[in-house]
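Colleague: Next come a sequence and a model predicted from it.
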Amino acid sequence: MDRPFKEIIDLGREFFHGMANIGGAQVAFWPTSSFKKLETISGGKLSMESKMMLLPEHCGTHLDVPRHCLPNGTDVAGVALERLVLPGHLLDLTAKAKGEAISIADLEKAEQRSGRRIGGGTAVLCWTGVDGDWGNPGFETERPYVPVETARWLVDREITLFGTDLIGMDDPAEWWWPTHRVWLEAGICMIQQMCNLGALAGKEFLLVAAPLKLREGTGCPIRPIALVI
């Protein structure tokens, strides 16, 4: 049976015990049962392994939803799938240096290079190329960032979803995260710490970014994929 897409591209990072995470929050996996233990107590009739997971909602490749910044904002379970499964639009911003702001002019130039207008009904993915620094000392703050005025411009363009390989979008000096708030107040969810965005260059694709259906969730680790069409 022929598939309706040409290629599947994995845009998510692996999750593992002790992985780097913003704010130093712990990520841990430990066994609740082991092959050896169950094989021993069952006389070889049962062989199985399982683990417990301890991880924050906002770790690795993850989705932020309005509830993250707004007490009465939409939680993870309440986000419509139509806002998480939609056509993607890659913007090449790899020329930006660490510590530089991504300006409106930068987005306009990236838009022109892409040959498509930034607009509604799409997931706008900002590829900065910093994913190779993931986990290195300083990777949380030594990166480009999206200032408030640029975020507002994207809101005015009525984008549906924002994604990036950055661990954070805000100016590292702005500890109150105003860029986060601009998007979440507008109902625009965000994906952070994506990888492999360069594999999407020059391609038309559908982004699938479905999280666990978390009641009262403020965010959720995800494994986004791109279906190249």
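Modeller: Ah, there it is. Since this is a predicted model, take the numbers as computed values, not measurements. Numbering: from 1, shown residues only.

Colleague: Quick check: next helix or strand after the longest helix along the chain?
Modeller: Secondary structure of the chain per DSSP state H: the longest helix is helix 104-114. Downstream of helix 104-114, the first helix or strand assigned by DSSP states H and E is strand 123-127.

Colleague: any idea which residue sits dead centre in this protein?
Modeller: Geometric centre of the chain, nearest residue: Ile191, 2.6 Å, by C-alpha atoms, centre = their mean.

Colleague: Regarding Glu140, what is its secondary structure?
Modeller: Taken by DSSP: H, G, I helix; E, B strand; the rest coil, the conformation at Glu140 corresponds to coil.

Colleague: mean confidence score for stretch 8-16?
Modeller: Mean pLDDT, computed over stretch 8-16, is 97.

Colleague: before we move on, what about stretch 84-102?
Modeller: 97.

Colleague: how about the helices in the chain?
Modeller: Counting by DSSP H, the helices of the chain are 35-41, 104-114, 148-156, 178-185.

Colleague: Tabulate those helices in JSON lines, adding columns for mean neighbour count and distance to Leu91.
Modeller: Just so you know, the C-beta spots here come from the backbone N, C-alpha and C atoms, and that holds for glycine as well. Output for the helices of the chain, formatted as JSON lines (neighbours: other C-beta atoms under 10 Å; distance: least, C-beta to C-beta, whole Å):
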{"stretch": "helix 35-41", "mean neighbour count": "12", "distance to Leu91": "46"}
{"stretch": "helix 104-114", "mean neighbour count": "15", "distance to Leu91": "4"}
{"stretch": "helix 148-156", "mean neighbour count": "17", "distance to Leu91": "10"}
{"stretch": "helix 178-185", "mean neighbour count": "19", "distance to Leu91": "15"}
